[in-house]
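Enquirer: Fold the following.
(chains A and B)
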Amino acid sequence: MNDIAKRITLAGWDERYAELRAAGLDEPDYGGPLRRHVEDGDLRLLKLQMDNSAASLRLWNFLLTEEQRLHQARAEGKKIVGAMKDLGTVPVMAYSLGNVVAFYPDGAWWIPCVMQCSDHLLEVADLLGIDDSFCPVRAMLGAFVTGAHFPIPGLLTCSVGAICDDLSAIAQRLESLGFPIMWWEVPHRRHPEPSEASVTLPGNFPAPASQVALVRSELQRVRQALETFASQQLTEQRLSAGIARANQVRRRLGELRQLAYRAEPCPLPALEMLIAEMLALHFCSDQNETVEVLDELLEETKKRILAGTGVLAADAVRVFWVNPVADLRVMNMLEDAGGRVCGTEYLFCHALDPIPEDTPPMEALARMVLADPMVGSAADRARRICHDIDEFQSEALVISRIPGASHCAMEGAIIGDIVRSKTGIPVLEIEVPPITDSMEPTLRTRLEALIETVRNRRQQ
Amino acid sequence: MICAGMICAGIDVGSRTIKVVLFDANGHGVVAAAAADQGIEQEALAMQLLERVLKENHIGREDVRAVVATGYGRKLISIADDTITEITCQAWGVSSAVPNARTIIDIGGQDSKLVRLNGRGAVSDFAMNDRCAAGTGRFLEVVATRLGVRLADLGKLVGKSRTPAFISNMCVVFAETEIIGLLASGVASEDIVAGVQSSIATRVAAMVGQNVTPPVVFTGGVALVPGMKDSLQEALRETVMVAPHPQTTGALGAAILAARRLDAGDTPTP
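Expert: As a prediction, this is how the structure comes out:
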């Protein structure tokens, strides 16, 4: 069997899958050929180039079977929590309880992207008055109303305050449709006054201790709601154990990022790295399986590094990527243009940091919430991005905007200016709608021009 | 005298026009440059233009040693040895004519670009607007059609303007409606054209932002329109210089990069 690492199309995966099966591929119960997801409506796969490893096959299958997993959990009598907006906190609490599964309904924004809008979720949102002036997260409304995707959660939580205005408006519309939400507040992170007691958060951000205390008390309300919902007590011991399990995922992702973003040639494509990083948020609705999936990816990555093989040219331009893309194809475009992703800030970098285990668990979680890049200033985001650009020796920055997402509209320019002045690397801002086909030539030109710019800088 | 066999060609396949520059890699500079309207058969039109320029300059096709294509349709040119984006080509083309240039503003038929140079002729950063016609030559085409004048004659009108109209709409489609209203209310055509030029310049200035490093060089077909340079200067509050042969700087850059391919020993075009 040919084991050369490379990116392949879905047609390539048809052959590759047969090869792997013939060679004795052992798959989990959600395994199978990727082609079946297209038959289920995930049409975008037809336009993507994917990594050809068995580990990546498992990753894709894990991602694309989440809805079935949630329905199966419901059928098995498990309680389902929909945690909206906070990224990487409420699911950690929920998975600390037995018999509870948590996921982010706001993640439904990727459904129209992957299904090339054949799901009509955005049209449902239009009819509900949430049009395309809002973030694509509005697809969540369509998913709730039609019930065609995830099972309706028994408990819905949503953080408000210093988070995305769009999401707040969309979630309020959801509640008005008869889906009650347990709201909890997150203040905008500010720098402590000189006279104030302060706390250093993960990511090295200082915050007033009073803000951490406020978030802790808000999380305590969430904890009580979870306990009532699950008819179980979420003890300190259970919570600490849950944090330790979440950290297993985060540490694996940390190691994977270090390996994949540093090694030359690039051992794993940007697309698979993006999906892997997303596992930090709610573990794709199965925490234990997430660990298994990441272990296999880590093993494959290490194997490729040891063999000195990769999926891209050794001289690929090292690009730091900010914000997740609506159309996954754009990650392919960067690589087609001669770039590779070396460092990311997908608006949830705090969820990749280990949760402090030497701190009382509620205090530790409160600190994680306040470390969220969306909760602080754009300048704070830029500071962390500059740090990581330095760490991963990135040669250029791409800031990807999401149409209608108010959070990104302002921040991109601020982050771009700060990164330019602090690091001197070229910065490219692009806007990526759910389907980029009509603007593909112009997107490609921008990305190619960025790569050319870096290559000229190397020569000079 | 041109040394046969060392000619390099740059082909800029733009959205509205195709440009060709022949460059003598033996140090004799630009041999010929020409532009033609774009159409549906983009590659065929580009090849017709190239053949015409070669014939006019008594150069055989076999003497062209390297070809680089750039512009929106660069990937369509099958004879190209390489394709390079218009951002990089503009930088090379402008730097060859204005070596100390630090900022390039290129306004073409369908997009506008800002290219910042590092002082050594290389791109340090860039930005593009290609999603909105308000900062592009397309706006001028729309107003020319609406006023019933030829695009080439717009500049003559601008010279007569005393009170440029204020075009408030940020979208060309709605601005056209606004122009109809202005005409109906008796605003002079020349004031409308001046207003449109100011609107384009304002849009481009917004893309450029606060930090403009001079010298600023203006390229693209719109740079040929009288009055646009002045509008841009006013919007940027900075002196703007129109590049020599502003419409063909991208093709020139492509030709220079083709010559560099020869220097680097890359395989020449058969």
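Enquirer: which stretches of the stretch 151-300 of chain A form helices?
Expert: Using DSSP state H, counting those that start in this stretch, the helices of the stretch 151-300 of chain A run over A:165-176, A:209-230, A:236-262, A:270-282, A:287-307.
Enquirer: So what's the model's average confidence on the fourth one?
Expert: So the one you mean is helix A:270-282. The pLDDT scores in helix A:270-282 average 96.
Enquirer: Packing partners of that helix?
Expert: In terms of contacts (3 or more Cβ pairs under 8 Å, 6 or more residues apart in numbering or on different chains; DSSP states H and E), helix A:270-282 is packed against strand A:50-51, helix A:54-64, helix A:236-262, helix A:287-307, helix A:329-336, strand A:339-345. Every C-beta, even on glycine, is put in place using the N, C-alpha and C of the backbone.
Enquirer: The shortest one: partners in the sheet, and parallel or antiparallel?
Expert: It stands for strand A:50-51. If you go by DSSP bridges, strand A:50-51 pairs up with strand A:7-8 (antiparallel).
Enquirer: Contacts for the strand it pairs with next, please.
Expert: Residues outside strand A:7-8 that contact it (Cβ atoms under 8 Å, 6 or more residues apart in numbering or on different chains): A:16, A:49-52, A:269, A:311, A:332, A:335.
Enquirer: Pull out the buried residues from those residues.
Expert: Buried by 16 or more other Cβ atoms under 10 Å in any protein chain shown: A:16, A:49-52, A:269, A:311, A:332, A:335, out of those.
Enquirer: List just the nearest of those residues to residue B:123.
Expert: For the buried ones among the contacts of strand A:7-8, the closest approach to residue B:123 (Cβ to Cβ) belongs to residue A:335, at 21.0 Å.
Enquirer: Excluding sequence neighbours, find me the nearest residue to that closest one.
Expert: Nearest non-adjacent residue to residue A:335, counting by Cβ to Cβ, 6 or more residues apart in numbering or on different chains: residue A:312, 5.8 Å away.
Enquirer: Would you mind listing where the stretch 51-200 of chain B has pLDDT under the threshold?
Expert: The model of the stretch 51-200 of chain B has pLDDT under 70 over residues B:130-131, B:134.
Enquirer: can you pull out the helices in chain B?
Expert: B:42-56, B:86-97, B:137-147, B:154-158, B:172-184, B:189-208, B:228-236, B:249-263 (DSSP state H).
Enquirer: Neighbours of residue A:271, how many?
Expert: When neighbours are counted by other Cβ atoms under 10 Å in any protein chain shown, residue A:271 registers 25.
Enquirer: residues in contact with it?
Expert: Each residue near residue A:271 by Cβ under 8 Å, 6+ apart is listed here: A:48-51, A:328, A:331-332.
Enquirer: Closest residue of chain A to chain B?
Expert: Closest residue of chain A to chain B, Cβ to the nearest Cβ: residue A:449 (3.8 Å).
Enquirer: Just confirm that residue is within a strand.
Expert: No: Residue A:449 is assigned helix when assessed by DSSP: H, G, I helix; E, B strand; the rest coil, not a strand.
Enquirer: these two touch, right, it and residue B:88?
Expert: Yes: here residue A:449 reaches residue B:88: they are 6.4 Å apart, a contact under Cβ atoms under 8 Å.
Enquirer: shared neighbours, the two?
Expert: residue B:123.
Enquirer: would you list the helices and strands packed on helix A:270-282 in a markdown table and tack on mean pLDDT and distance to residue A:123?
Expert: Output for the helices and strands packed on helix A:270-282, formatted as a markdown table (pLDDT from 0 to 100; distance: least, Cβ to Cβ, whole Å):
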| stretch | mean pLDDT | distance to residue A:123 |
| --- | --- | --- |
| strand A:50-51 | 98 | 29 |
| helix A:54-64 | 97 | 23 |
| helix A:236-262 | 97 | 35 |
| helix A:287-307 | 97 | 33 |
| helix A:329-336 | 97 | 22 |
| strand A:339-345 | 97 | 31 |
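Enquirer: In JSON lines: the ones you listed, plus distance to residue B:241.
Expert: Formatted as JSON lines, the helices and strands packed on helix A:270-282 follow (distance: least, Cβ to Cβ, whole Å):
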{"stretch": "strand A:50-51", "distance to residue B:241": "49"}
{"stretch": "helix A:54-64", "distance to residue B:241": "52"}
{"stretch": "helix A:236-262", "distance to residue B:241": "43"}
{"stretch": "helix A:287-307", "distance to residue B:241": "51"}
{"stretch": "helix A:329-336", "distance to residue B:241": "35"}
{"stretch": "strand A:339-345", "distance to residue B:241": "33"}
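Enquirer: who wins for proximity to residue B:108 among the ones you listed?
Expert: Closest approach to residue B:108 among the helices and strands packed on helix A:270-282 (Cβ to Cβ): helix A:329-336, 22.4 Å.
Enquirer: Please name the residues that touch the residue of chain A closest to chain B.
Expert: Residues near residue A:449 by Cβ under 8 Å, 6+ apart: A:428, B:85-88, B:123, B:126.
Enquirer: run the last query once more with 6 Å
Expert: Contacts for residue A:449 (Cβ atoms under 6 Å, 6 or more residues apart in numbering or on different chains) come out as B:85, B:87.
Enquirer: Could you tell me how far it is located from residue A:326?
Expert: With distances taken as Cβ to Cβ, to the nearest Å, residue A:449 is found 22 Å from residue A:326.
Enquirer: Then residue A:282?
Expert: Applying Cβ to Cβ, the value for residue A:282 to residue A:326 is 19 Å.
Enquirer: in stretch A:126-135, what's buried?
Expert: For stretch A:126-135, the neighbour count (16+ other Cβ under 10 Å) marks A:126, A:128, A:130, A:134-135 as buried.
Enquirer: Where does the stretch 151-270 of chain B get nearest to chain A, residue-wise?
Expert: Residue nearest to chain A within the stretch 151-270 of chain B: residue B:209 (8.3 Å; Cβ to the nearest Cβ).
Enquirer: Can you give me the neighbour number for that residue?
Expert: If we define neighbours as other Cβ under 10 Å, then residue B:209 has 12 of them.
Enquirer: Then the one 4 residues further on?
Expert: A total of 14 residues lie near residue B:213 under the criterion other Cβ under 10 Å.
Enquirer: contacting residues for the residue lying closest to residue B:56 once chain neighbours are set aside?
Expert: Nearest residue to residue B:56 in three dimensions, chain neighbours excluded: residue B:32, at 6.8 Å (Cβ to Cβ, 6+ apart). Residue B:32 sits next to B:22, B:53, B:57 when contact means Cβ under 6 Å, 6+ apart.
Enquirer: And residue B:32, how close does it get to chain A?
Expert: As judged by Cβ to the nearest Cβ, to the nearest Å, residue B:32 and chain A stand 26 Å apart.
Enquirer: thinking again about what came up before, how about the helices of chain B, which one is nearest residue A:358?
Expert: Closest of these to residue A:358 is helix B:189-208, at 49.3 Å (criterion: Cβ to Cβ).
Enquirer: packing partners for that closest one?
Expert: Using 3 or more Cβ pairs under 6 Å, 6 or more residues apart in numbering or on different chains; DSSP states H and E, the elements in contact with helix B:189-208 are strand B:112-117, helix B:137-147, helix B:154-158, helix B:228-236.
Enquirer: Export the ones you listed as CSV, with columns for distance to residue A:391.
Expert: Below are these laid out as CSV (distance: least, Cβ to Cβ, whole Å):
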stretch, distance to residue A:391
strand B:112-117, 26
helix B:137-147, 44
helix B:154-158, 53
helix B:228-236, 37
